[in-house]
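1. here is my input, please return the structure:
(chains A and B)
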2 protein chains.
Amino acid sequence: MRPTIRFHLTALALLALPITGAGDPQLLQRAAEVRDRALADNQAYDIVAGLTSEVGPRLAGSDGDRAAVAWALIRLKALGFDRVVAEDVSVPRWERGTATARIVAPFPQILAAVSLGGSIGTPAAGIEAPVLRVGNLAELKALDRVQVEGHIVYIAGRTERSRDGSGYGKSVPKRYGGPVAAASLGAVAVVIRSVGTSNARLAHTGATTYIPGKPRIPGFAISNPDADLLEYQLATGSRVRMEVMSTARSLPSARSANVIAEMTGSDPAAGVIVFAAHLDSWDLGTGAIDDGAGVAIVTEAARQARLAGPPRRTIRVVLYANEERGLSGANAYTQAHLAEIPAHVSATEADLGAGRVWRLSARVSDEVWPRIQGWMPVFEPLGIELGQNDARGGADIAILGRNGVPFVSFSHDATQYFDYHHTASDTLDKINPADLSQAVAAYSALAYILANGAEDIGRVPSPKGTQ
Amino acid sequence: MRPTIRFHLTALALLALPITGAGDPQLLQRAAEVRDRALADNQAYDIVAGLTSEVGPRLAGSDGDRAAVAWALIRLKALGFDRVVAEDVSVPRWERGTATARIVAPFPQILAAVSLGGSIGTPAAGIEAPVLRVGNLAELKALDRVQVEGHIVYIAGRTERSRDGSGYGKSVPKRYGGPVAAASLGAVAVVIRSVGTSNARLAHTGATTYIPGKPRIPGFAISNPDADLLEYQLATGSRVRMEVMSTARSLPSARSANVIAEMTGSDPAAGVIVFAAHLDSWDLGTGAIDDGAGVAIVTEAARQARLAGPPRRTIRVVLYANEERGLSGANAYTQAHLAEIPAHVSATEADLGAGRVWRLSARVSDEVWPRIQGWMPVFEPLGIELGQNDARGGADIAILGRNGVPFVSFSHDATQYFDYHHTASDTLDKINPADLSQAVAAYSALAYILANGAEDIGRVPSPKGTQ
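-> Down below sits the predicted model:
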């Protein structure tokens, strides 16, 4: 059912082309006009420049987080949204403090390290112990307590670079699960090779988890070059000893907010489409690609779609609180809007940076999927290909999917994303304005279609086993 | 006079080719064999892996510096040099301590900063002041005292990326001269955009200088993304205030050493050829590209040239002490070997990383230059082109040049060099083993030619005005 008409043209040549594929030709023609206007002129870069430069790091519960909520309320009102509100969310709070790691023997060296997000700290004197290397989390879990006890467990394993970002998913379990697995075998600390592709001497943070009632040990990441250094020393066959220190600590939970901004629909019975991103960031960078870019994309897409006239359905931008440390905002939103879930026509999330969009996928009923495919003439001129009816949606909207809300999703080119993600280098300069504009054009056209289509795109059964 | 015979072949195809260009065909044929053996099998990567992983940072006068001298003595003896000695050098000593920089207003942010090498520290409470931006050092010098007094001077200016590394030379004067120039106008501190091309959130160190009897203020570098952040805030038109803090300090001078290793020549009257690199490094990285690579290249080149049989001239590898903070080793060497300078037939330095060699140049008399050109059939198959008779030699051997010693020099591809140079990311993984081998092959063949040529390459007059 893939449309046979495909355009491969430069952005400037798109405007005049009639849409002749499947679907509602008038709707798609207007969507193409929205796309082209957004491609030529949009404010997304200004939005993410403002958020990163005027607010910067905004870890959930921090001063920066509160500043981000205040910034978003002002900025979204100024952008012309009909309704802008902050909905209260309770978020866990954690302070990174300082972290150090060094090789004590055989060849003393200081390593570039960070505490994993949510990790406990160490005693003030630090922890010194011999290092036990494992290749991955499964190898660790297969060991006996006698092998692990009293060691600092080092978990190796490189993150593969790929356009679809799939290397991250393969590599990240050690970060989430390493400290619990190692602690259960008597280890005193965990150090992982960063879950990222960067060759800079900056380690990659991101959440780790503990299990209530189970032993807790501190978790650290070291940069890829530092992991190489450690592996060199381990390969000498000498007993390697490390010392780690961290003042990380958890604090009482704090107040944050989901920031919600709407372009009101002309038909109150037609429901809402959700365009989602998250407002919080990790604390090391300024949160440009994760997820300032998403904030800018969904905000500007809603504005661009509205420039074509009042939408039939309400376009609701949701900037979620605390995605990074437990999806507090996503859970609070669903709780607060439970009665309204049936009116949620679709959900779309932007949380994979500012790279060019290269694929459209969805999670809809089998009956509706051909209709989505019929939209491709709008997106193919942007270099976007058709994916499958298997979209995961994204971390924040997953809970909506479990409640039957269908997803229409874009894949961003993530080839470089994990060079910067969750590191100090997640800064504005990593965003290419032309790539960002391409993404904004895609999301803008999608927002127009979803908000103005004659029919909605149905419900989906809970996607069991895919969360 | 450029030879008309050029080969453009893969490394594996080189071995059998007869050398038919100008010069001594037998000498060049044997040099080509040295080249090919070095290309196929050399220990350079092992050498730099050892230095960076077993010693690591080795700032002049530090424990690491002493460890590097000890490491080099053992390693060079093990590599089969006939004579390995350490010659005492007094070096200045400086400790970086910690440095922080933050924007206080209008939008508070913490910046990634380092102290410039040799900088004084700040009072314990730091220095807070309004920021004055200048585009470069010349702009600063053109200002009046009333404009500068009481400010933290921020010196902008990006470092251009280029194969020949020339962007560094254009950008680095602000680092050397910024603090003195700003202090003379009453500034309280200097912050520069890093002299480097990296987009990582790691600042670039390197020496700054003071003038005895003139006012001293502390100097800092911030990373390129942090410079962008600062410039965003300056561009808002609001008064920007920063706070900087540093515990950097100078200490009494310390003992270090030039490490000298020779492959003894068969003809004591034929003199020595010098192959130079520096053993010290900055303290932030492990000194892989600056100048562990050079240490590995010149060491291995001497060994490879010796594999072809005893050289006629002595091949002297000199691993200089303290290049980075004042050329202590270069000055001490010249002082100690003054009577022997006439026996120095040539000097060649490797101190621009481990990138592929792309150009051969020299600094010889006009009469000798055609003879150097006649060597190109040995080098062209490696993708090396002929440069000019204008080589600068390198920082450590410049003083030999001023004493009449001719240079034969290679240019390494420096396109990526200033992404890592003088930052924490100067680590082993930045060295591509294949590129390193190409460089080793070039230097090995050159060592063979210089050590075994029937005639020496003369003297050069002091290259006035080029230092």
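2. what pairs with residue A:152 across the strands?
-> residue A:131, residue A:189 (DSSP bridges).
3. that one contacts residue A:132, doesn't it?
-> Yes - applying C-beta atoms under 8 Å as the test, residue A:152 and residue A:132 come out as touching, 7.2 Å apart. Placement of C-beta: from N, CA and C, glycine included.
4. okay, and the common contacts of those two?
-> residue A:187 (C-beta atoms under 8 Å, 6 or more residues apart in numbering or on different chains).
5. tell me how many other residues crowd the residue nearest to residue A:76 when sequence neighbours are not counted.
-> Using C-beta to C-beta, 6 or more residues apart in numbering or on different chains and skipping the chain neighbours, the partner closest in space to residue A:76 is residue A:261 (4.1 Å). Residue A:261 has 26 neighbouring residues, counting by other C-beta atoms under 10 Å in any protein chain shown.
6. just residue A:461 next, same as before
-> 7.
7. what sits against it?
-> residue A:404.
8. per-residue confidence for it?
-> pLDDT for residue A:461: 79.
9. if we can go back for a sec, bridging residues for the residue nearest to residue A:76?
-> residue A:84, residue A:317.
10. interface residues of chain A facing chain B?
-> A:49, A:52-57, A:107-110, A:112, A:198-202, A:224-226, A:228-229, A:232-233, A:285-286, A:423-425, A:427-430 (C-beta under 8 Å from any C-beta of the partner chain).
11. now do the domain split for chain A, please.
-> Listed domain ranges for chain A are A:11-93+A:252-452, A:97-247 (source: automatic domain parsing).
12. beta partners of residue A:359?
-> Under the criterion used (DSSP bridges), residue A:359 bridges to residue A:385, residue A:411.
13. residues contacting the residue nearest the centre of chain A?
-> Within chain A, one residue has its C-alpha closest to the average C-alpha position: by C-alpha atoms, centre = their mean, that is residue A:351, at 3.6 Å. By C-beta under 8 Å, 6+ apart, the residues touching residue A:351 are A:276, A:277, A:278, A:290, A:291, A:294, A:323, A:394, A:395, A:396.
14. for those, which one is nearest chain B?
-> The closest of the contacts of residue A:351 to chain B turns out to be residue A:290 (C-beta to the nearest C-beta; 14.2 Å).
15. my guess is residue A:76 meets residue A:318, correct?
-> No - judged on C-beta under 8 Å, residue A:76 makes no contact with residue A:318 at a distance of 11.3 Å.
16. okay, those two: which has more neighbours?
-> Set residue A:76 next to residue A:318 and count neighbours by other C-beta under 10 Å: residue A:318 wins out with 28 against 24.
17. what's the closest non-adjacent residue to the more buried one?
-> residue A:276 (4.8 Å).
18. so what sits opposite the one you found in the bridge?
-> residue A:318, residue A:349.
19. right, and it touches residue A:395 too?
-> No - with contacts counted by C-beta under 8 Å, residue A:276 stays clear of residue A:395, the gap being 9.5 Å.
20. per-residue pLDDT, residue A:24?
-> 88.
21. how many residues are close by the residue nearest to it when sequence neighbours are not counted?
-> Leaving aside its sequence neighbours, residue A:24 sits nearest to residue A:454 (C-beta to C-beta, 6+ apart; 6.5 Å). If you count neighbours by other C-beta under 10 Å, residue A:454 ends up with 9.
22. is residue A:454 inside a helix or a strand, and which specific one?
-> Counting by DSSP states H and E, no helix or strand carries residue A:454.
23. re the thing from before, more neighbours, residue A:276 and residue A:395?
-> With neighbours defined as other C-beta under 10 Å, residue A:276 and residue A:395 compare such that residue A:276 has more, 29 against 18.
24. quick one, what contacts that one?
-> A:294, A:298, A:317-320, A:347-351, A:394, A:396-397.
25. the longest helix in chain A is where?
-> helix A:433-452 (DSSP state H).
26. which SS class is the one residue in the stretch 1-150 of chain A that gets nearest to chain B?
-> When scored by C-beta to the nearest C-beta, the stretch 1-150 of chain A has residue A:53 as its residue closest to chain B, at 4.2 Å. Under DSSP: H, G, I helix; E, B strand; the rest coil, residue A:53 falls in the helix class.
27. any idea how far chain B is from the nearest residue to residue A:176 once chain neighbours are set aside?
-> Spatial nearest neighbour of residue A:176, excluding adjacent residues (C-beta to C-beta, 6+ apart): residue A:209 at 5.3 Å. As judged by C-beta to the nearest C-beta, to the nearest Å, residue A:209 and chain B stand 27 Å apart.
28. give me the number of residues near residue A:209?
-> Count around residue A:209 with other C-beta under 10 Å applied: 17.
29. so what's it scoring on pLDDT?
-> 96.
30. low-confidence ranges, the stretch 301-450 of chain A, go.
-> Applying pLDDT under 70 to the stretch 301-450 of chain A flags no residue at all.
31. common neighbours of residue A:276 and residue A:395, please.
-> A:349, A:351.
32. surely residue A:388 is within a helix?
-> No - judged by three-state DSSP, residue A:388 forms no part of a helix; its state is coil.
33. give me the mean pLDDT for stretch A:99-113.
-> Mean predicted confidence for stretch A:99-113 is 98.
34. name the nearest residue to the residue lying farthest from the centre of chain A, sequence neighbours excluded.
-> Residue farthest from the centre of chain A, counting by C-alpha atoms, centre = their mean, is residue A:238 at 40.5 Å. Once flanking residues are discounted, residue A:238 sits nearest to residue A:106: 4.0 Å by C-beta to C-beta, 6+ apart.
35. how near is the one you found to residue B:124?
-> 37 Å (C-beta to C-beta, to the nearest Å).
36. residue A:376 now?
-> 64 Å.
37. for residue A:246, same thing?
-> 25 Å.
38. who's more crowded, those two?
-> More crowded of residue A:246 and residue B:124, by other C-beta under 10 Å: residue A:246, with 26 against 7.
39. I'd say that one and residue A:95 touch.
-> No - applying C-beta under 8 Å, one finds residue A:246 not in contact with residue A:95, separated by 10.6 Å.
40. out of the contacts of residue A:351, list just those in helices.
-> residue A:294.
41. could you identify which of the contacts of residue A:351 has the most neighbours?
-> Counting by other C-beta under 10 Å, top hit in those: residue A:291 with 34 neighbours.
42. on the pLDDT front, check that one for me.
-> 98.
43. wait, it touches residue A:297, no?
-> No - if you go by C-beta under 8 Å, residue A:291 and residue A:297 don't touch, sitting 9.3 Å apart.
44. still on that earlier bit, which neighbours do residue A:76 and residue A:318 have in common?
-> residue A:259.
45. ok, the residue nearest to residue A:387 when sequence neighbours are not counted to residue A:386 distance?
-> Spatial nearest neighbour of residue A:387, excluding adjacent residues (C-beta to C-beta, 6+ apart): residue A:361 at 3.3 Å. Counting by C-beta to C-beta, the gap from residue A:361 to residue A:386 is 8 Å.
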